[in-house]
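> sequence and predicted structure, then a few things I'm wondering about:
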Amino acid sequence: MRKVLIAGQHSFIGTAVERRLAAFEGSYAAQALDMHGDAWKAFDFSPFDCVVHVAGIAHVSPKPELRPVYEAVNRDLAVACARRAREMGVKQFIFLSSAIVFGAAAPAGQDREITPDTSPSPEGAYGRSKLEAEHGLRALEDGRFRVAVLRPMMVFGAGCKGNYTRLAALARRCPVFPDFPNRRGMVYIDDLAELIRRLIDTGEGGVFHPQTCVASTTDIARAVAGAHGRRMLFTRAFNPLLKAAGASGVARRAFGGFYYREDMAAHGYAPGALSLEECVARTEEGHG
């Protein structure tokens with residue numbers, strides 16, 4: 001039985017990992033650790049084979065006053081946790097980074113494909129804190145301690161927050177939506193949890209780029225409407241306005257292109273058999 005510590009209690013991804021591991025009864029013993037405050041520093045890491053670090057600030061903001069917070073939580077806390085784990089004999093550390101280490105999405109009307117030749121180049125403090133955490137963690141690796149870094153595209157699933165939540169809320173209410181041909185990478189939470197489970201099994205390190213599918217914002221809105229049995233009109237009448245405002249924050253986040261090329265996303269990762277529509281339908285359960 002593999003013993004797994006989830007560093008980040010009650011987190012969206014951490015809870016999904018716990019649920020996934022529990023489905024394999026008798027194979028894993030998982031425990032979640034509250035990373036707020038300093039009490040975790042006295043915790044005994046020695047019984048665990050793997051630490052899955054999901055603690056961090058999830059929202060992205062350009063506000064300069066948040067930079068010290070991002071650095072303290074997303075970078076320093078992760079490195080301190082890994083150092084503690086290594087000192088106490090843990091063999092594997094899995095860190096949830098983000099695709100945002102590659103920078104922002106392209107302006108609306110343009111696509112940005114991330115390939116193995118794309119170098120990380122974060123634009124804001126959030127992305128820099130994640131990349132700096134990666135560097136600090138990889139520096140701790142040796143023959144006895146392995147680090148696996150995951151850089152998922154937009155994660156969605158029941159209970160998620162962020163861009164998907166805002167888009168889905170809009171799709172539930174609006175009768176008309178732009179028919180806009182962008183491409184966005186997405187990873188379904190159950191697929192991400194399964195990848196983490198497999199990494200726990202192998203004990204390996206490395207850098208991974210989870211992505212379940214590439215879809216347009218229109219595809220997502222159509223799937224949300226379909227999950228609720230709603231009819232929605234899709235029109236290209238708004239497209240010139242979206243392209244004109246393409247570099248603005250809202251237009252870029254909602255309709256810009258940002259995704260992993262298939263061969264990059266496939267490295268060490270096998271997404272599930274569910275379609276986008278099925279993943280969205282499961283995500284939308286419980287929303288009226």
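Yes, it's here. Numbering: from 1, shown residues only.

> chain neighbours aside, what residue packs nearest to residue 211?
Using Cβ to Cβ, 6 or more residues apart in numbering and skipping the chain neighbours, the partner closest in space to residue 211 is residue 265 (3.8 Å). Where you see a C-beta, it was placed from the backbone N, CA and C, and this is true even at glycine.

> my guess is that neighbour contacts residue 209. True?
Yes. Using Cβ atoms under 8 Å, residue 265 is in contact with residue 209, at 5.3 Å.

> just the strands in the stretch 1-150 of the chain please.
Listed in chain order, the strands of the stretch 1-150 of the chain (DSSP state E, counting those that start in this stretch) span 2-7, 28-33, 50-53, 92-96, 113-114, 146-150.

> the second one: partners in the sheet, and parallel or antiparallel?
Next to strand 28-33 in the sheet, as set by DSSP bridges, lie strand 2-7 (parallel).

> re earlier: shared neighbours, residue 265 and residue 209?
Listed as contacting both residue 265 and residue 209 by Cβ atoms under 8 Å, 6 or more residues apart in numbering are residue 153.

> hang on, the earlier thing: redo the strands of the stretch 1-150 of the chain as a markdown table? Include mean neighbour count and distance to residue 121.
Putting those into a markdown table (neighbours: other Cβ atoms under 10 Å; distance: least, Cβ to Cβ, whole Å) gives the following:
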| stretch | mean neighbour count | distance to residue 121 |
| --- | --- | --- |
| strand 2-7 | 22 | 27 |
| strand 28-33 | 18 | 33 |
| strand 50-53 | 26 | 23 |
| strand 92-96 | 26 | 19 |
| strand 113-114 | 19 | 11 |
| strand 146-150 | 23 | 16 |
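
> how close does the residue nearest to residue 211 get to residue 259?
8 Å (Cβ to Cβ, to the nearest Å).

> with residue 65 instead?
Between residue 65 and residue 259 the computed distance is 31 Å (Cβ to Cβ).

> ok, residue 56 next?
Distance from residue 56 to residue 259, by Cβ to Cβ: 23 Å.

> what's the answer for residue 53, then?
Here the criterion is Cβ to Cβ. By it, residue 53 lies 25 Å from residue 259.

> what of residue 277?
Taken as Cβ to Cβ, the span from residue 277 to residue 259 is 18 Å.
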